[in-house]
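Fold the following for me, if possible:
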Amino acid sequence: MLLGLKGVLPVSTFLSKAILDFFIAFGIVLGGAMIGGIGAVISLQPPTQTMLDISGKIKIWALAAAVGGTIDPMRVIESNVLDGNLSPAVKQILYLISAFMGAHMGTELVKWVCGGGRG
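The predicted structure is shown next:
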């Protein structure tokens, strides 16, 4: 059950993993940019531009880390589609979309906080 509270509807394992993938990717981008900004201040570089650069560069890594950190999700898609079993492949694609949305929202939040991504 969601948060283990009485009276709250249970969340399916699919939805639970999709939500986790979203927030893991979001947190990786946001945390990486924030910590990178601190490093930029310490090294006397412009933190705003550094945070924008980091958030753009780390987006794909956040996506990979959120869905498992390896190429295995792609193998699941490939093997299931080739075998004609589409349900697991569709789930993996939806997990990837969820993680991408989290990483993208993290990047957009960093751009918003840093003033719109001026270069």
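
could I have the helix or strand of the chain with the lowest mean pLDDT exported to CSV, CA atoms only?
Of all helical and strand segments in the chain, the minimum by mean pLDDT, DSSP states H and E falls on helix 72-82, at a mean of 72. C-alpha atoms of helix 72-82 as CSV (Å, rounded to 0.1, in the frame of the first residue of the first chain):
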residue,chain,number,x,y,z
ASP,A,72,19.5,-4.2,-20.1
PRO,A,73,16.2,-2.3,-20.7
MET,A,74,17.0,-2.1,-24.4
ARG,A,75,17.7,-5.8,-24.5
VAL,A,76,14.4,-6.5,-22.8
ILE,A,77,12.6,-4.4,-25.5
GLU,A,78,14.5,-6.2,-28.3
SER,A,79,14.1,-9.7,-27.0
ASN,A,80,10.4,-9.3,-26.2
VAL,A,81,9.5,-7.6,-29.5
LEU,A,82,11.4,-10.3,-31.5
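
and the residue nearest the centre of the chain, what does it touch?
Note on the chain: the residue nearest the mean C-alpha position is residue 25, at 1.9 Å, using CA atoms, centre = their mean. Shown in contact with residue 25 (CB atoms under 8 Å, 6 or more residues apart in numbering): 62-63, 65-66, 99-103, 106. Bear in mind the C-beta positions are built from the backbone N, C-alpha and C, glycine included.

Need the max-distance pair from those.
The most widely separated members of those, counting by CB to CB, are 65 and 101 (14.8 Å).

quick revisit: what's the pLDDT at the residue nearest to the centre of the chain?
We have a pLDDT of 95 for residue 25.

Can you list the buried residues in the least confident helix or strand of the chain?
Within helix 72-82, the residues that count as buried by 16 or more other CB atoms under 10 Å are 73, 76-77, 80.

can you pull out the helices in this structure?
Using DSSP state H, the helices assigned to the chain run over residues 13-42, 47-66, 72-82, 86-113.
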